[in-house]
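Participant: The following comprises the amino acid sequence and a computationally predicted model.
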Amino acid sequence: MSNIVMAFIISGLLLVSWWFEMFSDSGFGQMARAMNKKGRYGKNVIALMVPAIGSSFLVWAIALIVESVGFSELSIDVLGYVALVLFAIGLVGLFSIPLPRWMYPEYHLAKRERLRAEKLARGEAVKMPSSGRVAVEAQRLEQALRRQSDKNE
């Protein structure tokens, strides 16, 4: 298989799995978050390493395409250096340095739960997660809000 296709496949797998872990309440997203908690490298792997290395492979694939089309050496070199810098940033994810809280999956999960609770409190229709811990917590929240609204009436 060509290097371009392999770079796109690796990039796609990394970026899609990162998206599911960060921004999805699906079963795959929940499984990925649970596996990351049990991992030995810490939470910076998903917050920094996976998206940076996935982006590095994406830029590398673009550089390979640019090279095959026949662009200037300068543009190929710039893309290569960008890919290298992104890869180096990804390796920083192996260290347990504190990152801004919005870079972690827990922040986005709490944000989704808060928005879901606000919509339920306003009586709006809310799409509930179908399975897992998030679904159980969402059902408990919905029941508590219904009991509270029944008491107020």
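Facilitator: Nice, thanks for sending it over.
Participant: which residues touch the residue nearest to Met49 when sequence neighbours are not counted?
Facilitator: Excluding its sequence neighbours, the residue lying closest to Met49 (Cβ to Cβ, 6 or more residues apart in numbering) is Gly93, at 2.9 Å. Where C-beta positions appear, they are placed from N, C-alpha and C, glycine not excepted. Shown in contact with Gly93 (Cβ atoms under 8 Å, 6 or more residues apart in numbering): Tyr41, Asn44, Val45, Ala47, Leu48, Met49, Val50, Ala52.
Participant: Tell me the secondary structure of Ser96, please.
Facilitator: coil (DSSP: H, G, I helix; E, B strand; the rest coil).
Participant: Enumerate every residue touching it.
Facilitator: Contacts of Ser96 by Cβ under 8 Å, 6+ apart are Gly42, Asn44.
Participant: low-confidence ranges in this structure?
Facilitator: Counting by pLDDT under 70, the ranges of the chain that qualify are 1, 39-41, 128-139, 141-142, 145, 149, 152-153.
Participant: so where do the helices sit in it?
Facilitator: Taking DSSP state H as the criterion, the chain carries its helices at 3-23, 27-38, 44, 50-69, 73-92, 105-121, 132-152.
Participant: Quick one, which of those helices gets closest to Pro98.
Facilitator: Closest to Pro98 of the helices of the chain, according to Cβ to Cβ: helix 44, at 8.9 Å.
Participant: hmm, back to that, how much space separates the residue nearest to Met49 from Gly80?
Facilitator: 21 Å (Cβ to Cβ, to the nearest Å).
Participant: Leu58 now?
Facilitator: Going from Leu58 to Gly80 by Cβ to Cβ gives 13 Å.
Participant: Excluding chain neighbours, what is closest to Ala52?
Facilitator: Spatial nearest neighbour of Ala52, excluding adjacent residues (Cβ to Cβ, 6+ apart): Gly90 at 3.4 Å.
Participant: Surely the one you found and Phe57 touch.
Facilitator: No: Gly90 is beyond contact range of Phe57, at 9.9 Å (criterion: Cβ atoms under 8 Å).
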